[in-house]
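1. below: sequence and its predicted model.
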There are 2 protein chains.
Amino acid sequence: MSVPSLTLASPLKGTGYQMICKVLGHLLLILSCVQLAATAVAVIFREPVFWVFLGCAFFTLCCGYLLKYKGRNAHQIKNRQLFLLTTLSWLSLCLFSALPLYLLVPGCTLTDAVFETVSAVTTTGSTVFSGLDTMPKAVLFWRAVLNWMGGIGIIVMAIAILPALKIGGMRLFKTENSDTSDKILPRSSSLSAAIGLVYLFLTVLTGSSYYLAGMAGFDALTHAMTTVATGGFANYDASFGVYKDKPLVLWLSSLFMLLAALPFVLFVSWFKGDRHAIWRDPQVRVFLLLVFSCALVLTCYQVWHNQRGWFEAATHSVFNVVSVITTCGYASEDYTLWGNMAIMLFFYLTFAGACSGSTSGGLKIFRIQLCALLLFKQLKLLVHPKAVWHPTYGGRRIDDQLLGNVLSFCFVYFATIGFIAMMLAFSELDLVTAVTGAATAVANVGPGLGNIIGPAGNFSSLPDAAKWWLSLGMLLGRLEIMTLLILFTPAYWRY
Amino acid sequence: MSVPSLTLASPLKGTGYQMICKVLGHLLLILSCVQLAATAVAVIFREPVFWVFLGCAFFTLCCGYLLKYKGRNAHQIKNRQLFLLTTLSWLSLCLFSALPLYLLVPGCTLTDAVFETVSAVTTTGSTVFSGLDTMPKAVLFWRAVLNWMGGIGIIVMAIAILPALKIGGMRLFKTENSDTSDKILPRSSSLSAAIGLVYLFLTVLTGSSYYLAGMAGFDALTHAMTTVATGGFANYDASFGVYKDKPLVLWLSSLFMLLAALPFVLFVSWFKGDRHAIWRDPQVRVFLLLVFSCALVLTCYQVWHNQRGWFEAATHSVFNVVSVITTCGYASEDYTLWGNMAIMLFFYLTFAGACSGSTSGGLKIFRIQLCALLLFKQLKLLVHPKAVWHPTYGGRRIDDQLLGNVLSFCFVYFATIGFIAMMLAFSELDLVTAVTGAATAVANVGPGLGNIIGPAGNFSSLPDAAKWWLSLGMLLGRLEIMTLLILFTPAYWRY
Ligand SMILES: [K+]
Ligand SMILES: [K+]
């Protein structure tokens, strides 16, 4: 009697397994289209690398079609198999996207190619490449478009998959279309489509604004993609430092990074006519307040401590604060030179992250809020031990189970950063590089602190082992850790 | 009708207020006896400073008697007033103990005196004094005895007061004598007396062992007091580095630090005949395992990475690992020179702390265990969403409320360290000094990392503001944060 249920529920058996093939096949087909787009870019700029992209596109197409064929009879998937599906989706995307970089970029080892691709797809934006200024445009486009694909992938995952899996308190953001059910994917597709449109619209808006503000056409396109994805890949070694003399670009970029770090569901509500949805959201209010206060403190600090002008100080403070807290990771200059207070602030902001349901990574504001909520609840209980208090968040009641979700996520988040940092220290990185490297990887921010991986630095000089650990950290962070971690528990595979 | 209850429950009114005076009075009377002991030490070593100690003892005696007189009619205290009582006890102990240092030590500012005393009484053991080797013996005795008093104070607080207050999951260690009731102090006094005896016995044992291992008599006495209190004050600038050539001393010290970091209640059980109580305790097992594995890793690392001999490597690895994890804070050499991996490990161990109910500080092992427990519970729930699982810890069922207690404590612990670190960065300390300084203060360890406050360094060169913030951090850590924090909530004072 127990055998059929055993077969049905296993992550590797039944229709769910076929569904995994089908989804992966679809993903690869999309990826091959993107590779064709990169081919087109190469052709437009008359770069000989277009052959490589064309070949990769063909290879990806074949693999994608094969997988799609294998999953042709699939029609539904179990909740539990979503963990495997999500992890495999990101992994296969990374592997197939690493191929062109490995073949194209001179001196790019396999480690470098995988690191750069994982960094791109997870929208981390840490780079091991230098000499970006003279790199073929098709490669730059490829990095940017991977950022962009990663960005939309994250939002869809956060909206359609994670709430059903009850990971890290994401249940809080369950929409009507994402109720617990075995048919999540089709049901949430209309919302995903709407969000895809918003994402596209925001990208076009960002690109046009950049172009009008004086950015070159190609740079406007690629930077728009990496801004909206809060990916942070730039076309120059100096990142956004090349626009130091164009404050308008920096301010526009700050604005669009902020927008990309808000919950995209709220934009959909906005377009549907609910103009106040954004301001009603408790997460958005605290997030904006946090950005504002950090930027204000840093501006004052720079004016008084570093004797800078108010406008210049404000421009760079806002830009870099927004860039780090939205986990975008652009840098307009080396902010670690501003002073110890600034370094400490950026250190904290690296962990924070922005709003849930956006393209940003990190711990996310709502989790910090819920931790604070728990603390207030505990303080209340200490004073009035018999008091009963049912806290709410954005109108939803917070029960103990949800708090448990959130807190165990916080614990595993910091434990993961701690573990990766320990592994980095084993590779003989110093304390600051190891800790901030692990944090910037798991939070998908991009730059770390210190001389090596700071905003003026680069990940290229790190030992290979460190690059692999950082790649793992980026993937873990992107998959909200639990999704990947659970695959390593025996219970997941048992029946 | 509401007026009488309002009067009775206020922390500043009623019999509870008198009880606070009475307890503080008793404390000061004890302190004046200790000051008399320091006078005796000064007389024995023919040091002219004995006048100062005698004067201070007289002053403390007067204040103590005055307070005791004010509280002569007190007979009981409300739970809620215990927060105030606990905080005031530590504060008054610090203030009255700072006086001799301020008057005695040349060049000692008020800030330095307060820092050193807070560091002593909270058993942190960070020092702002240099030239310890030539300091009057009475001053060294005074520092050590403050450590020692702080140590017993912590255990009594952890056993008699904190469980009743439900702070940070300490409820888990409620004994039969510490049931929720308005009469905690008298009921738990027999257990406290037993623990005091164990503490005294352990101190005598440690001192005799030190003496037999070749330490000078005075050093054996003071070091025994600071070992058992896991306080970490040494009589030499080089800390236990002066015993580098006496491995027996280092091994003995490691053993006694370990013993002092075990729950003292278990020793009482042991003396009462339950010889297996210590090994049955889940906290103790994990703690010893952690110490063993860290020491093993560091020993191997030193042998292979630094080409040291096995015995020498093991001696120093065990000693310094035990010293940091038990939050004692002695150093046998500058372990930050061992390499990046060692630095990272000591960085983590700074936060950990040892067993609850011991003299050690930090997060404590049982909280880490409960966090891990929550994580396993969550992973189980992710795989089997409808599963019901009631985790236990040491035979006691862990309910959601207790987990909430523990997790909110973890949150507030790291938030406090983060806040203090930010304030230290405001005083222009660098990232590593600020973060490890805050951690070592709140965890009551002693040494930090980096060039300034590392195991080879000293807190004397820090700016005054940093010293005050660190003093606050030490007090917060010792009072399990919540006890002090709650006094800043309006609800506590409202009725
Ligand atoms: K990023
Ligand atoms: K200590």
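-> In hand now; what should we look at? Ligands and ions are numbered 1, 2, ... in the order given.

2. only C-alpha atoms for contact and neighbour calcs from this point on.
-> OK.

3. mind listing what's buried in the helix or strand where A:I30 lies?
-> Assigned by DSSP states H and E, A:I30 belongs to helix A:14-44. Judged by neighbour count using 16 or more other CA atoms under 10 Å in any protein chain shown, the buried positions of helix A:14-44 are A:15-42.

4. for the helix or strand that comes right after that helix, the averaged confidence score.
-> The element immediately downstream of helix A:14-44 (helix or strand, assigned by DSSP H and E) is helix A:50-70. If you average the pLDDT over helix A:50-70, you get 89.

5. next, the angle helix A:14-44 makes with helix A:50-70.
-> 160 degrees (axes from the mean of the first three to the mean of the last three CA atoms, to 10 degrees).

6. quick check: phi and psi on A:Y393?
-> phi -140, psi 120 (degrees, to the nearest 10).

7. around ligand 1, pick out the residues from chain A.
-> Residues of chain A lying close to ligand 1 (CA under 5 Å from the ion) are A:123-125, A:231-232, A:327-329, A:445-446.

8. what about burial for those residues, which qualify?
-> A:123-125, A:231-232, A:327-329, A:445-446.

9. tell me which stretches of chain A form strands.
-> Secondary structure of chain A (DSSP state E): strands located at A:392-393, A:396-397.

10. picking that back up, the helix holding A:I30 and chain B, are they touching?
-> No. Legend: contact between helix A:14-44 and chain B by CA under 8 Å from any CA of the partner chain is lacking; minimum distance shown is 15.5 Å.

11. now the residue of the stretch 201-350 of chain A found nearest chain B. Nearest residue, chain neighbours left out?
-> Nearest to chain B, among the residues of the stretch 201-350 of chain A, is A:M341, at 4.9 Å (CA to the nearest CA). Nearest residue to A:M341, sequence neighbours excluded (CA to CA, 6 or more residues apart in numbering or on different chains): B:A425, at 4.9 Å.

12. surely the one you found touches B:V432?
-> No. Counting by CA atoms under 8 Å, B:V432 is not a contact partner of B:A425; they are 9.7 Å apart.

13. got a list of what A:T124 touches?
-> A:231-232, A:327-329, A:440-441, A:443-446, A:474 (CA atoms under 8 Å, 6 or more residues apart in numbering or on different chains).

14. in TSV, list these along with distance to A:G71.
-> Shown next, in TSV, are the contacts of A:T124 (distance: CA to CA, whole Å):
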residue	distance to A:G71
A:G231	32
A:G232	35
A:T327	36
A:C328	36
A:G329	38
A:T440	37
A:A441	34
A:A443	34
A:N444	32
A:V445	36
A:G446	36
A:M474	29
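
15. any idea of the mean pLDDT in stretch A:479-490?
-> pLDDT averaged over stretch A:479-490 gives 83.

16. briefly note if that stretch comes near chain B.
-> Yes. Stretch A:479-490 is in contact with chain B by CA under 8 Å from any CA, via A:482, A:486.

17. so what's the residue count around the nearest residue to A:A434 once chain neighbours are set aside?
-> Leaving aside its sequence neighbours, A:A434 sits nearest to A:A421 (CA to CA, 6+ apart; 4.9 Å). Close neighbours of A:A421, defined as other CA atoms under 10 Å in any protein chain shown, add up to 29.

18. how does chain A divide into domains?
-> As assigned by automatic domain parsing, chain A contains the domains A:1-108, A:393-494.

19. who wins for proximity to ligand 2 among the strands of chain A?
-> Judged by CA to the ion, the one of the strands of chain A that comes nearest to ligand 2 is strand A:392-393, at 40.5 Å.

20. what pairs with the closest one, parallel or antiparallel?
-> strand A:396-397 (antiparallel) (DSSP bridges).

21. how far away is A:K70 from A:M19?
-> Look at A:K70 and A:M19: by CA to CA, to the nearest Å, they are 9 Å apart.

22. ok, which of the domains of chain A comes nearest ligand 2?
-> Closest among the domains of chain A, using CA to the ion: domain A:393-494, at 22.5 Å.

23. quick one: end-to-end distance for the closest one.
-> Using CA to CA, the two ends of domain A:393-494 sit 37 Å apart.

24. for stretch A:484-493, same thing?
-> 13 Å.

25. residue of the stretch 251-400 of chain A closest to ligand 1, please.
-> A:C328 (3.8 Å).

26. what is the neighbour count of A:D399?
-> 11.

27. should've said A:I452
-> Count around A:I452 with other CA under 10 Å applied: 20.

28. again, but for the one 3 residues further on
-> Burial of A:P455, expressed as a neighbour count using other CA under 10 Å, amounts to 24.

29. for A:L381, same thing?
-> Here the number of neighbours of A:L381 (other CA under 10 Å) works out to 18.

30. look up how far A:D399 lies from it.
-> Relative to A:D399, and taking CA to CA, A:L381 is found at 16 Å.

31. so which of the strands of chain A is the most surrounded?
-> strand A:392-393 (a mean of 14; mean count of other CA atoms under 10 Å in any protein chain shown).

32. wait, A:A138 sits on A:A42?
-> Yes. With contact defined as CA under 8 Å, A:A138 reaches A:A42; the gap is 4.9 Å.
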